[in-house]
Structure formats: structure tokens, C-alpha cells
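Colleague: Any chance you can model this:
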Amino acid sequence: MPTHLVPEIFKTYDIRGIYPDELSDDVAHDIGRAFVDELGLSSVVVGRDMRPSGNALFASFARGANEAGADVTDVGLVSTDALYFAVGRYGFGGGVMITASHNPADYNGLKMTRDSAQALSLDTGLSAIRDRVAAGIFTTAVRSGTIERRDILEEFATHCLSFIDPATIKPFKIAIDAGNGMAGRTVPHVFRHLPCEIVPLFFELDGSFPNHPASPIEPENMIDLQRAVREHGCDLGVAFDGDADRMFLVDENAGLIGGDMVTALVGINTLKRYPGAKILYNLICSRSVPEAIERAGGIPVRSPVGHSLIKKIMRDQDIVFGGEHSGHFYFRDNWFADSGMIALMQCLEVFSEAGRPVSEVIAPIDHRFRSGEINSRVHDIPAKLAELEQHYADAQIDHLDGVTIAYPNWWMNVRPSNTEPLLRLNVEGDTRELMERQRDEALELIRRMPGR
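Modeller: From the prediction side, this is the model:
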């Protein structure tokens with residue numbers, strides 16, 4: 001008899017739900033069987049973050065994978081980008097990271113890849129796995145698989161450092177907020193090879209997140225880091241999310257630096273090694289990003305939002321680096337997977353070479369004003385998007401992801417959520433006054449009847 005499944009735990013890019021009400025041990029066991037069956041795997045590498053439910057979910061998933069005939073390599077407590085590294089470097093047929101990233105403590109989930117760290121989405125395997133679990137359709141393996149333990153973090157650190165020349169890194173004083181997440185485990189392995197002094201915040205692994213949510217894209221979760229930078233006179237600050245695949249910076253004045261500005265910095269640095277290369281950025285990033293890429297001699301490639309789409313574009317076009325406003329940074333030489341740690345290494349190289357405070361390095365490319373993402377609940381999304389297009393009919397309009405409405409000195413993007421009846425608004429203007437005026441006008445249009 002099939003295990004009771006809540007189909008909604010299968011999201012666009014991963015599996016995520018409340019443990020054990022939605023994502024139970026029995027469901028994890030069946031997902032392990034279905035994952036191996038669907039991908040025809042003989043080997044799987046599995047890691048997990050610090051959430052209390054991680055050990056039980058690992059045991060259940062591994063048992064299911066073994067029953068389907070696959071050998072499981074347990075890499076233990078690691079970051080998501082370290083799991084991607086393990087899949088790519090050691091040639092596993094598939095990999096699974098047990099994590100719910102920045103979600104609250106009662107959640108857990110699974111991020112899944114096939115070979116070469118190719119992420120699974122609903123369109124590329126997750127829906128088929130869901131349907132197998134729901135129907136209880138599993139094959140019986142001729143032999144049961146095994147479980148073995150492997151420590152990968154030193155080799156992961158070496159891999160991250162291979163993207164820079166460590167000898168050029170200056171002895172920065174850096175506050176790093178791990179948010180009680182997996183950066184508390186990975187940062188020491190990497191930074192023992194660098195001359196930097198670390199001011200650690202919340203490095204203790206604790207999946208109950210006792211200090212603040214491990215979601216640095218929310219400004220309120222950066223307050224502790226900003227305070228530490230000021231109090232300790234740091235050269236910069238760094239924050240990671242719970243599974244440590246996303247990374248955000250603050251400058252020496254504790255000013256927040258957007259993920260799109262990091263995209264520009266890493267893009268510029270990448271072009272020094274690969275002159276004339278293509279650099280990808282998603283369409284929520286500032287206009288300053290493609291401008292900076294072009295000034296550095298690169299070819300900017302604009303993409304929709306979403307990591308599986310971005311990774312496919314990068315593979316298809318052999319793009320060496322790509323970045324998102326959300327703090328995800330993708331590297332061709334990292335199997336096109338994202339890594340906050342590799343992005344941080346490249347930023348340290350940029351700051352070392354510049355020989356100036358971080359704020360002065362950022363200033364020339366960070367001169368516009370952005371609203372951040374603002375969500376509005378809308379009942380009839382197509383009607384509302386049509387209404388916006390009609391209102392801004394004299395603009396340059398495209399539909400790469402939702403609707404982008406562009407004028408010479410400001411632009412906005414409005415795109416639907418994948419999972420909720422929401423429209424997500426981002427506005428950028430050449431002046432703060434212009435951005436705020438256009439933001440307020442757009443919100444009034446979005447939130448008024450009848451489209452709402």
C-alpha cells in the first residue's frame with residue numbers, strides 16, 4: 001500500500017515540508033527508492049544539514065535507496081555546495097542534500113541531483129519521483145546496496161581555493177555570520193588556508209536557529225552581522241544561509257551589498273581569467289550588472305529567475321559564471337552548480353587586488369536604487385499583467401520572465417510566484433525619488449481591483 005503522501009511537498013526545485021507531518025520518515029524511505037528507480041542509479045551520495053530531523057531522514061532515505069539496489073555514500077554534515085562538489089568530483093550518479101535551506105526549524109527537505117550535479121526540478125525528474133511514491137511503484141533490486149562514510153570537507157576546501165590564488169589574499173578581518181547553519185562547519189576548513197582573521201557569529205550547528213533565521217536576504221537577519229562589523233572594525237562581513245549555498249556581503253561601514261553587486265564583482269574577476277567570456281545575470285539584477293560586464297570586456301547574458309533554468313542556459317552556452325540577486329552564484333568549473341563559498345573567495349581576491357575599502361570598490365557599480373522584491377496577492381494574475389502592460393504601453397516591454405517594463409531611467413519586473421497567487425515586483429531607478437515614485441504607482445495598480 002502506498003505511503004500517505006502530501007504531493008505539495010514537491011516544489012519546483014526541491015522537496016520541502018514540515019517534519020514529520022508532511023515529510024515523514026516513511027515518505028523519505030519511499031523517495032529514496034523512487035529516486036534510485038527513476039534515475040537508474042547504482043550509487044548515491046547523501047549529505048545533510050544541522051536540522052534535528054536530518055539523521056532520521058538520512059537513515060530512512062538511505063534504507064530506501066539501498067532496497068532499490070544503490071550504494072549510499074554518507075558525507076555527513078556538509079553544505080549544499082559541498083554536496084554538489086561530491087557528486088561532480090567523485091562521479092556519483094546522483095546526489096541528495098537533506099535540507100530546508102532558510103526555512104524554519106520544523107521544516108526539512110531534499111535537494112536532488114543526477115550525475116554532474118545536475119539539479120532535478122519538477123520538469124526534470126521530481127514530478128516522476130512524486131508520482132512513483134504516490135502510486136507505490138517500485139522495482140525489487142537483485143541486491144541490496146551498502147552504506148559507507150566519507151569525509152569530503154578538506155577536498156571541498158581545496159576545490160574552492162582553486163578558483164583564486166590564495167597567496168594574493170590580504171589579511172582581512174572578516175565577521176562571518178553562519179546563522180547556526182552549515183557555514184559553521186565549512187568556513188573553518190577553507191579559511192585555515194588563508195591569512196584572514198575571522199570574527200565568528202553563530203558557528204554552533206543548531207537547527208532550531210536560536211539567534212535569527214538563516215535567511216540573509218532579509219535585512220532584519222543581517223543586524224547582528226552589521227553590529228559585529230562596526231564593533232570589531234572589520235574590513236567586511238559575510239552571511240550564509242542555513243545550508244550555506246547562498247552568500248551575502250556587507251562593507252566596512254556595515255552597508256548591505258546586494259547579490260547583484262556580488263554578481264558584477266565576480267563577473268569582472270572571472271573575465272580576468274576568461275577574457276571576452278559570457279557572464280549570466282538574471283533579469284532582477286540591476287542594470288549596472290550588464291554595464292559592468294561589458295566594460296570588463298565580457299558578454300552579458302540575461303536570464304529568467306530560477307536555478308534549474310539558469311544552469312541549463314549556462315550548460316547550453318558554456319557560460320563560465322552566472323549570478324542572481326538572491327545570492328546564488330554558479331560556476332562552469334563547479335559543474336555549473338552554485339557555491340556561496342567560491343563566490344566569497346573571488347570577492348576576497350577582488351578586494352585584495354583593489355587595495356581600497358570594500359565600499360569604494362562597490363561604489364562605481366552600485367549607483368542606482370532598487371526596491372527589493374515586494375509581493376502582492378492577486379486573484380487573476382494574467383488579467384493584472386495585461387492591465388500593467390496597457391498602462392505602460394509606451395515602454396519597452398519583454399516577457400522573458402513575467403513582464404519587464406523598461407524606460408531609459410527606470411525599469412520594473414512583475415512576475416508570478418511558482419507556488420502562490422502572488423505577483424513579485426522589483427523596481428530600479430536612477431534616483432531614489434524616481435524609484436520610490438514608480439514603485440508606489442506600480443503597487444497601486446497591482447493592488448487595486450479588478451485584477452486583484
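Colleague: Going by C-alpha atoms from here, please, whenever you check contacts or count neighbours.
Modeller: Fine.
Colleague: so what's the residue in the chain sticking out farthest from the centre up against?
Modeller: Computed with CA atoms, centre = their mean, the residue of the chain farthest from its C-alpha average is Val142, at 38.1 Å. Contact analysis of Val142 by CA atoms under 8 Å, 6 or more residues apart in numbering lists Gly69.
Colleague: in which helix or strand would I find it?
Modeller: Using DSSP states H and E, Val142 maps to neither a helix nor a strand.
Colleague: any weak-confidence spans in the chain?
Modeller: The model of the chain has pLDDT under 70 over residues 1-3, 419, 449-452.
Colleague: run the last query once more with 50
Modeller: Across the chain, the ranges flagged by pLDDT under 50 are 1, 451-452.
Colleague: Strands of the stretch 101-250 of the chain, residue ranges please.
Modeller: Using DSSP state E, counting those that start in this stretch, the strands of the stretch 101-250 of the chain run over 107-114, 147-149, 173-177, 197-201, 236-240, 247-250.
Colleague: domain parsing for the chain?
Modeller: Domain assignment for the chain by automatic domain parsing gives 7-151, 155-253, 259-362, 369-447.
Colleague: ok so, going back, need the strands of the stretch 101-250 of the chain in a markdown table with mean neighbour count, can you?
Modeller: Listed next are these as a markdown table, based on neighbours: other CA atoms under 10 Å:
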| stretch | mean neighbour count |
| --- | --- |
| strand 107-114 | 25 |
| strand 147-149 | 13 |
| strand 173-177 | 25 |
| strand 197-201 | 17 |
| strand 236-240 | 27 |
| strand 247-250 | 26 |
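Colleague: could you dump those to JSON lines with distance to Val289?
Modeller: Formatted as JSON lines, the strands of the stretch 101-250 of the chain follow (distance: least, CA to CA, whole Å):
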{"stretch": "strand 107-114", "distance to Val289": "29"}
{"stretch": "strand 147-149", "distance to Val289": "42"}
{"stretch": "strand 173-177", "distance to Val289": "25"}
{"stretch": "strand 197-201", "distance to Val289": "29"}
{"stretch": "strand 236-240", "distance to Val289": "21"}
{"stretch": "strand 247-250", "distance to Val289": "16"}
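Colleague: where do the strands sit along the stretch 351-452 of the chain?
Modeller: Assigned by DSSP E, counting those that start in this stretch, the strands in the stretch 351-452 of the chain fall at 369-370, 374-377, 396-398, 403-407, 410-416, 422-429.
Colleague: Quick one, which of the ones you listed gets closest to His189.
Modeller: Comparison of the strands of the stretch 351-452 of the chain against His189 by CA to CA identifies strand 369-370 as nearest, at 35.5 Å.
Colleague: gap between the residue farthest from the centre of the chain and Ala68?
Modeller: 9 Å (CA to CA, to the nearest Å).
Colleague: got a list of what Asp177 touches?
Modeller: Residues near Asp177 by CA under 8 Å, 6+ apart: Pro200, Leu201, Phe202, Phe203, Leu225, Gly237, Val238, Ala239, Phe240.
Colleague: mind running it again at 7 Å?
Modeller: Residues near Asp177 by CA atoms under 7 Å, 6 or more residues apart in numbering: Pro200, Leu201, Phe202, Leu225, Val238, Ala239, Phe240.
Colleague: ok, back up a step: of all the strands of the stretch 351-452 of the chain, which one is nearest Ser43?
Modeller: Smallest distance to Ser43 across those (CA to CA): 37.5 Å, for strand 410-416.
Colleague: Would you mind pulling the contact partners of the closest one?
Modeller: Under CA under 7 Å, 6+ apart, the answer for strand 410-416 is 401-406, 422-430.
Colleague: just stretch 297-310 next, same as before
Modeller: With contacts defined as CA under 7 Å, 6+ apart, stretch 297-310 is touched by 119, 121, 271, 275-283, 290, 293-294, 400-401.
Colleague: ok, what's across the strand from the residue nearest to Leu249 when sequence neighbours are not counted?
Modeller: Spatial nearest neighbour of Leu249, excluding adjacent residues (CA to CA, 6 or more residues apart in numbering): Val238 at 4.7 Å. Beta-bridge pairing for Val238 (DSSP bridges): Ile176, Leu249.
Colleague: is it true that Val238 touches Gly179?
Modeller: No - contact criterion CA atoms under 7 Å: Val238 and Gly179 do not qualify, at 10.7 Å.
Colleague: Pro104: which of the contacts of strand 410-416 is nearest?
Modeller: Nearest to Pro104 among the contacts of strand 410-416: Leu422, at 21.0 Å, using CA to CA.
Colleague: For the closest one, which residues are in contact?
Modeller: Applying CA under 7 Å, 6+ apart, the residues near Leu422 are Asn375, Ser376, Arg377, Val378, Pro416.
Colleague: Residues in a beta bridge with it, which ones?
Modeller: Counting by DSSP bridges, Leu422 is bridged to Arg377.
Colleague: got it, and the one 4 residues further on?
Modeller: Here Asn426 shows beta-bridge partners Asn413, assigned using DSSP bridges.
Colleague: quick one: it from Tyr330, how far?
Modeller: In terms of CA to CA, Asn426 sits 22 Å off from Tyr330.
Colleague: For Arg302, give the beta-bridge partners.
Modeller: Bridge pairing for Arg302 (DSSP bridges) gives the partners Tyr281.
Colleague: Now for Ser352, how many residues are close by?
Modeller: Ser352 is flanked by 17 other residues according to other CA atoms under 10 Å.
Colleague: how close does it get to Phe240?
Modeller: From Ser352 across to Phe240, the span is 21 Å (CA to CA).
Colleague: now swap in Thr139 and tell me
Modeller: 40 Å.
Colleague: so what's the residue most central in space within the chain up against?
Modeller: Residue closest to the mean C-alpha point of the chain, counted by CA atoms, centre = their mean, is His328 at 3.8 Å. If you count contacts by CA under 7 Å, 6+ apart, His328 has them with Arg246, Asp338, Gly340.
Colleague: let's go with 8 Å and repeat that
Modeller: Shown in contact with His328 (CA under 8 Å, 6+ apart): Asp245, Arg246, Met247, Gly259, Asp338, Ser339, Gly340.
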